[in-house]
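Asks: Provide a 3D model corresponding to the input given below.
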Amino acid sequence: DIDWDFRAQLAGFTCRYVPSAVAYHMGSATIGAGLSDFTRYHLWRNTLWVLAKNTPARLLVRHGPEIVLGQLLNLAVAVRDRTLLTWARAWRDALREMPRMVRRRRVIQANRRLDDRGIEAVIRPTASRP
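Replies: Predicted structure coming up:
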C-alpha cells in the first residue's frame with residue numbers, strides 16, 4: 001500500500017483525507033501484536049525497498065537519522081520478540097535485490113512530478129502538522 005501510494009504521489013497524483021471513510025485491512029491489522037514471521041519479514045524487507053526506490057537522495061540524507069532510528073527500533077523489536085533471524089533474513093534479501101531496486105529507482109525518480117518540499121508535506125509525521 002505504501003509503495004503504491006508513495007509512487008502515485010511522486011507521479012503527481014493526490015490523495016484526499018475523508019474522516020468518515022472506513023477501511024478494513026486484513027493483512028497486518030494488528031501491527032506489533034501477534035505478527036507471524038512471514039509478515040514481519042515482508043514488512044521489514046519491503047520498508048527498505050520502499051525507501052530505496054521512492055525517497056529522493058536529498059531526503060534520504062536529510063532524514064537519515066530518523067530512518068536509522070526506525071531501523072534500530074525494528075532491530076530492537078526483533079530482539080525483544082526473538083525474531084532476529086527473520087530480521088536478518090529480511091535485511092539479507094533486501095540487500096541482495098538492491099541493484100534491482102536501484103534500477104527501478106532511476107525510472108521512478110526520472111518521472112516524478114513532486115519536488116522535495118511537496119514530498120515532505122505528504123510524508124511528514126502527523127504530529128508535526130499544523
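
Asks: distance between stretch 69-84 and the chain's centre?
Replies: 16 Å (Cα atoms, centre = their mean, to the nearest Å).

Asks: who's in contact with it?
Replies: By Cβ atoms under 8 Å, 6 or more residues apart in numbering, the residues outside stretch 69-84 that reach it are Gly32, Asp37, Arg40, Trp44, Thr47, Thr86, Trp87. C-beta: built from backbone N, CA, C; applies to glycine.

Asks: Is it possible to mark the buried ones in the residues you listed?
Replies: Among the contacts of stretch 69-84, those buried by neighbour count (16 or more other Cβ atoms under 10 Å) are Arg40, Trp44, Thr47, Thr86, Trp87.

Asks: if I pick the residue nearest to the spatial centre of the chain, what's in contact with it?
Replies: Most central in the chain under Cα atoms, centre = their mean is Thr47, positioned 3.8 Å from the mean C-alpha point. Applying Cβ under 8 Å, 6+ apart to Thr47 gives the contacts Gly70, Asn74.

Asks: residue boundaries of the helices in this protein?
Replies: 2-10, 37-54, 57-62, 64-80, 84-96, 98-110, 116-123 (DSSP state H).
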